[in-house]
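**Q** Show me the folded form of this:
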Amino acid sequence: GGKIDQRDFVIMNQMKSLLELDLRNAAVVEYDINSVNTIPDKAFYNNQTLQSMYLPQSIEAIGKLAFSGSVISTFNLNDLSVKTEYLTKIGEDAFKDCNCLVIAPDLSHVTIIERGVFENCSNLAGVSCLPVVIEVKDAAFKNCVKATIQFNAKSSTCLEKVGDYAFMGCTSLNKMTLPDNTESIGQYAFYNCKSLEKLGELPNIKNIGGHAFENTAWINNYKDDYIILGDGMLISYCGKAENLTLQENIKTVGASAFLDNKTVKNLKTTKNTKSIQEGAFESSAIETADLSASGVSIADKAFSDCIKLKEVKFSDSTSKIGKNAFKNCNLLKSISLPKALKTVESNTFNLCSSLKNVNLGVGVTVIEENAFDSCISLGMIEIPENVSKIEDDAFDNCISLTRVVVKGGPKIGSAFKNCENLEEVAFYAGT
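**A** A predicted model of the protein is given here:
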């Protein structure tokens with residue numbers, strides 16, 4: 001019993017024969033920068049002797065890197081009579097690389113599992129239900145190959161967000177049912193969870209990152225051509241069609257849904273298609289994309305590195321085309337941008353080496369840096385009168401560009417740097 005502070009943890013961490021530590025009746029008091037009822041940051045960082053520990057029953061938080069790299073194995077020895085009901089916060093990387101950890105502290109009152117908390121805890125098995133967790137951050141359980149984890153699937157507040165790489169490599173996960181209110185799942189979140197078969201319906205899901213479920217039993221054993229979650233989010237296409245018109249019930253083409261797809265050659269969206277998420281068609285073999293049926297929003301890298309893409313049709317009501325959206329589409333020869341588009345974002349058409357004809361559209365007001373960088377076939381460009389800003393390097397290295405017609409009065413600066421054959425910049429009278 002008694003009071004301890006940060007200085008005592010320094011001493012305990014230096015004790016080379018300390019195998020077990022019982023702090024059940026101790027109270028951690030404030031000292032220097034360390035808060036009351038908190039295991040300090042790096043308290044037992046890389047400790048190679050301490051194997052088991054009873055936490056103070058009044059403990060509220062465990063600091064960043066508190067046990068990272070140590071040989072700690074168990075907490076409270078699975079003794080249910082020992083309560084840590086006040087423990088609500090565990091800092092980033094608190095148990096990262098604790099390869100000997102088998103039984104984690106009681107997580108039943110923790111609301112956020114911070115970044116990397118249990119990353120690479122390859123023997124961690126003692127995690128069951130996380131009833132009040134609202135967010136699992138990046139890499140929180142990455143490579144916890146023995147862990148089985150459940151959430152309160154009936155809760156209206158549990159688990160709203162799953163971060164990037166959160167459960168990547170958790171090969172023992174099999175039937176995890178995510179709550180209905182889960183809205184966001186990050187990239188690679190469940191990547192290589194080879195046993196994962198069940199997730200739930202996810203009716204409110206809004207965002208799923210690329211590769212989120214790649215190499216899971218659920219995806220690998222799926223029978224239909226379209227894998228759709230929530231309110232019409234396509235997360236993967238498994239069919240063999242060369243000419244593909246999306247199903248009417250698809251509202252969102254999820255991140256990386258067609259990544260590296262070598263089957264689909266000609267794509268057509270429908271009036272119900274609202275958005276194409278990041279990297280949806282990246283590095284695919286698509287040759288034509290008819291996106292004209294609706295004002296579909298196009299995210300960053302949506303068609304990046306589609307080296308066979310020759311033709312794209314937009315709806316005039318499309319108002320968003322993201323950064324790098326068509327970068328390195330080196331067979332694309334002509335584009336006509338939507339009337340509703342106000343900003344040509346950075347690197348949107350960078351390295352489109354065959355692009356000769358560009359209609360910027362009457363709505364464009366800003367052309368960002370490197371938007372048309374290295375479009376080496378572009379010979380002439382007309383800048384509409386509504387354009388008020390052309391950022392530096394917007395047309396950098398357009399070596400075939402000979403003539404620029406400016407209808408408004410934007411600042412040009414070094415927008416046309418390295419356009420070595422540019423002969424004329426013509427400003428219309430009155431601009």
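
**Q** The residue lying closest to Phe151 once chain neighbours are set aside: neighbour count?
**A** Among residues not flanking Phe151 along the chain, Leu159 sits closest, at 4.9 Å (Cβ to Cβ, 6 or more residues apart in numbering). Using the backbone N, CA and C atoms, a C-beta is placed for each residue, glycine as well. When neighbours are defined as other Cβ atoms under 10 Å, Leu159 has 24 of them.

**Q** Show the contacting residues for Leu159.
**A** 130, 133-136, 151-152, 178-179, 181-182 (Cβ atoms under 8 Å, 6 or more residues apart in numbering).

**Q** Confidence-wise, which of these comes last?
**A** Confidence by pLDDT is poorest for Asn152 among those, given 77.

**Q** Report the separation between it and Asp138.
**A** 22 Å (Cβ to Cβ, to the nearest Å).

**Q** cool, and Phe281?
**A** Taken as Cβ to Cβ, the span from Phe281 to Asp138 is 25 Å.

**Q** now Ile39
**A** Ile39 is 22 Å from Asp138, by Cβ to Cβ.

**Q** One more: Asn359?
**A** 41 Å.

**Q** Likewise for Leu422?
**A** For Leu422, the distance to Asp138 equals 45 Å [Cβ to Cβ].

**Q** Neighbour count: these two, which is higher?
**A** Using other Cβ under 10 Å, the more surrounded residue of Leu422 and Asp138 is Asp138, with 20 against 16.

**Q** ok, residues contacting the worst-scoring helix or strand of the chain on mean pLDDT?
**A** Ranked by mean pLDDT, DSSP states H and E, the weakest helix or strand in the chain is strand 129-130, scoring a mean of 80. Contacts to strand 129-130, defined as Cβ under 8 Å, 6+ apart, come from residues 107-108, 110, 113, 149-152, 158-159.

**Q** among the residues you listed, which are in strands?
**A** 113, 150-151 (DSSP state E).

**Q** Helix, strand or coil: sort out Trp218 for me.
**A** Three-state call for Trp218 (DSSP: H, G, I helix; E, B strand; the rest coil): helix.

**Q** Just list the residues touching it, thanks.
**A** Per Cβ under 8 Å, 6+ apart, neighbours of Trp218: 196-199.

**Q** Same question for Leu332.
**A** 309-312, 326, 349, 352, 354-355.

**Q** Repeat that for Leu355.
**A** Counting by Cβ under 8 Å, 6+ apart, Leu355 makes contact with 332-335, 349, 372, 375, 377-378.

**Q** ok, back up a step: please convert the buried members of the contacts of Leu332 into ChimeraX selection syntax.
**A** Selecting just the buried residues from those in ChimeraX takes one command, with 16 or more other Cβ atoms under 10 Å as the test:
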select :309,312,326,349,352,355
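
**Q** Quickly name whichever of the contacts of Leu332 is closest to Asp164.
**A** Nearest to Asp164 among the contacts of Leu332 is Phe326, at 24.7 Å by Cβ to Cβ.

**Q** Quick one: residues contacting the closest one.
**A** 302-304, 306, 309, 312, 332, 335, 348-349, 352.

**Q** go with 7 Å
**A** 303, 332, 348-349, 352 (Cβ atoms under 7 Å, 6 or more residues apart in numbering).

**Q** can you check Tyr237 too?
**A** 225-226, 257-258, 261.

**Q** Now with 8 Å, please.
**A** So Tyr237 contacts 225-227, 244, 257-258, 261, 264 (Cβ under 8 Å, 6+ apart).

**Q** the strands in the stretch 1-150 of the chain, which residues?
**A** Shown for the stretch 1-150 of the chain, the strands assigned by DSSP state E, counting those that start in this stretch span residues 2-4, 20-22, 26-28, 38-39, 52-54, 61-62, 74-75, 89-90, 112-113, 129-130, 135-136, 150-151.

**Q** Let's verify Ser155: helix, strand, or coil?
**A** Assignment for Ser155 (three-state DSSP): coil.

**Q** next one: phi and psi at the residue nearest to it when sequence neighbours are not counted?
**A** Nearest residue to Ser155, sequence neighbours excluded (Cβ to Cβ, 6+ apart): Pro179, at 5.7 Å. Phi and psi for Pro179, reported as degrees, to the nearest 10, are phi -70, psi 160.

**Q** how many neighbours does Pro179 have?
**A** 20.

**Q** contacting residues for it?
**A** Pro179 neighbours (Cβ under 8 Å, 6+ apart): 151-156, 158-159, 200.

**Q** Give me the buried subset of the residues you listed.
**A** 151-153, 158-159, 200.

**Q** Make CSV from those and add distance to Lys16 to it.
**A** Below are the buried ones among the contacts of Pro179 laid out as CSV (distance: Cβ to Cβ, whole Å):
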residue, distance to Lys16
Phe151, 40
Asn152, 42
Ala153, 46
Cys158, 43
Leu159, 41
Gly200, 48
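
**Q** Of these, just say which sits nearest to Ala415.
**A** Using Cβ to Cβ, the buried ones among the contacts of Pro179 come closest to Ala415 at Leu159, 46.5 Å.

**Q** and the gap between the closest residue to Asn143 other than its chain neighbours and Asp392?
**A** Setting aside the residues directly before and after it, Asn143 is nearest to Gly169 in space (Cβ to Cβ, 6+ apart), at 4.2 Å. Using Cβ to Cβ, one gets 42 Å for the distance from Gly169 to Asp392.

**Q** before we move on, back to that, look up which helix or strand the residue nearest to Asn143 falls in, please.
**A** For Gly169, there is no helix or strand it lies in under DSSP states H and E.

**Q** could you list every residue that touches it?
**A** So Gly169 contacts 142-145, 191-193 (Cβ under 8 Å, 6+ apart).

**Q** biggest helix in this protein by residues?
**A** helix 6-14 (DSSP state H).
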